[in-house]
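1. build me a model:
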Amino acid sequence: MPMPKRKTSKSRRDKRRTHWNLNEVNLEECPRCHEMKLPHRACLECGYYDGKEIISSSKKKDKKNPKIIVLPEGEEPRMIKAAETIINEGFASLILLGIEENIKSKARELGIDLSNKTK
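-> As a prediction, the model looks like this:
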């Protein structure tokens, strides 16, 4: 009859049983924005809990006090796409570094309109 080489320790034995008491996460719908959230916690999307704003939206603050963002490598497609996102959100003014003609031609190639929206 085969014999095990060593006794299985309690720790090793219990590691095999880590999942036996897992509970399903209960989510509920936020009454304000209808996103799913944990119960008795503020909604991460709208920042409201029990009808009161607990977490103020950073976008609201940013629109009141706009910042200036400088994007280096302004001729790169990823920077032009980032510029489009920033312009659409409207929370900052934007400066793209690079040769203006090159930036405009790359933006046209990508189908992005940056005219009169950047410095």
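2. buried residues in the helix ranked longest in the chain, which are they?
-> Across the chain, the helix with the greatest residue count (assigned by DSSP state H) is helix 77-89. For helix 77-89, burial by neighbour count (16 or more other C-beta atoms under 10 Å) applies to 79-80, 83-84, 86-87. Placement of C-beta: from N, CA and C, glycine included.
3. go on, stretch 21-35?
-> Neighbour-count burial for stretch 21-35 [16+ other C-beta under 10 Å]: Cys30.
4. quote the end-to-end distance of it.
-> Terminal residues of stretch 21-35 are spaced 28 Å apart (C-alpha to C-alpha, to the nearest Å).
5. starting at the chain centroid, how far to it?
-> Distance of stretch 21-35 from the chain centroid (C-alpha atoms, centre = their mean, to the nearest Å) equals 20 Å.
6. I'd like the average pLDDT over that stretch.
-> Per-residue pLDDT over stretch 21-35 has a mean of 88.
7. what sits up against that stretch?
-> Outside stretch 21-35, the residues that touch it by C-beta atoms under 8 Å, 6 or more residues apart in numbering are 36-39, 43-46, 48, 51.
8. stretch 96-111 now?
-> 70-77, 79-81, 83, 113-115, 118-119.
9. check Asn102 and give its pLDDT.
-> Reported pLDDT for Asn102: 89.
10. should've said Ser57
-> In this prediction Ser57 is given a pLDDT of 63.
11. same for the longest helix of the chain, what does it pack against?
-> Using 3 or more C-beta pairs under 8 Å, 6 or more residues apart in numbering; DSSP states H and E, the elements in contact with helix 77-89 are strand 67-71, strand 92-96, helix 100-110.
12. looking at those, which is buried most?
-> Of all these, strand 92-96 carries the top mean neighbour count, a mean of 17, counting by mean count of other C-beta atoms under 10 Å.
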